[in-house]
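Engineer: Please find the sequence and the predicted model below.
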Amino acid sequence: MRRLLCAPVLLSLLCTGAPQAGFPEWRGSNLRLYGLWEATPIIAVGNVKNVTEFGQQMVDHLPSPVSQDLHKLYWCQGDFDSIATIKGTLNAKKKYVWASVNPGCKLFYGDVADYSKRVTRVWFLREEGQFLRPTFDGGTAYFYGLFTKWDDAPALAPRQRLGVLLLTPQANSDSLASFADDIWGIADVACSLLAKAECVQRIRALARLGDPSLRVAACEYLKAQQKESCEFP
């Protein structure tokens, strides 16, 4: 989610590609979880609070993956309440600012019940001038949510704690079969946080939980991504 200068209050004016006065640059992408993780300079556990509108902006076009028929951005801001930093250096005093092609200052789209269950939120962040920003405003998630509270997870260093949570099915999904569908992206992130030996051991344990689809997915992942057997030595 590039635009020429135009006053934020003059919503009838159409901007082009360079950033508009008062607004950051909108960025979009369709990266999946591990690609988003790699592209993100700051990753932190926390929540966005005190959300308010920041303004509206008219644009002539937006980059992919947004439809070229959309010409208005709705900007919002909030305070980032940090719990733990996983990657990079976080300045949580900066306002978190993002934009959507939809009004309402939403931080997610989808099932409200599922959103409310994801009580631990791992945010994909970057700094842009005076603002704290999502890695991308559109096309990817602002955060990855977990069902387990951060304080209820094993008392480990933040990176290792998150790695363990990511390889805990009940912290991610409602069923083992559902977890199996997502294991490749999740495991890539988890293995970047854990020592290889621990990561491999935990994925081997997943294969023994009794779900056929999870066994297949876990074993295929180990063979393809880690060059390891599914069997314990």
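Structural biologist: Arrived safely.

Engineer: Helices of the chain, start to end?
Structural biologist: For the chain, the helices defined by DSSP state H cover 33-39, 112-117, 158-166, 169-172, 176-193, 196-207, 212-221.

Engineer: Could the C-alpha coordinates of the third one be exported in PDB?
Structural biologist: In this case it means helix 158-166. What follows is helix 158-166 as a C-alpha-only set of coordinates in PDB (Å, rounded to 0.1, in the frame of the first residue of the first chain):
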ATOM      1  CA  PRO A 158      11.000 -15.000  24.200                       C
ATOM      2  CA  ARG A 159      12.300 -16.500  21.000                       C
ATOM      3  CA  GLN A 160      12.400 -20.000  22.400                       C
ATOM      4  CA  ARG A 161       9.000 -19.600  24.100                       C
ATOM      5  CA  LEU A 162       7.400 -18.600  20.800                       C
ATOM      6  CA  GLY A 163       9.100 -21.400  19.000                       C
ATOM      7  CA  VAL A 164       7.600 -23.900  21.400                       C
ATOM      8  CA  LEU A 165       4.200 -22.400  21.200                       C
ATOM      9  CA  LEU A 166       4.200 -22.500  17.400                       C
END
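
Engineer: a markdown table for the helices of the chain, including mean pLDDT?
Structural biologist: Shown next, in a markdown table, are these (pLDDT from 0 to 100):
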| stretch | mean pLDDT |
| --- | --- |
| helix 33-39 | 96 |
| helix 112-117 | 88 |
| helix 158-166 | 98 |
| helix 169-172 | 97 |
| helix 176-193 | 97 |
| helix 196-207 | 97 |
| helix 212-221 | 97 |
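
Engineer: So for Lys227, which of those helices sits nearest?
Structural biologist: helix 196-207 (9.7 Å; C-beta to C-beta). All C-beta atoms are positioned from the backbone trio N, CA, C, and that covers glycine.

Engineer: quick one: buried residues of that closest one?
Structural biologist: Buried residues in helix 196-207, counted by 16 or more other C-beta atoms under 10 Å: Glu198, Cys199, Val200, Arg202, Ile203, Arg204, Leu206, Ala207.
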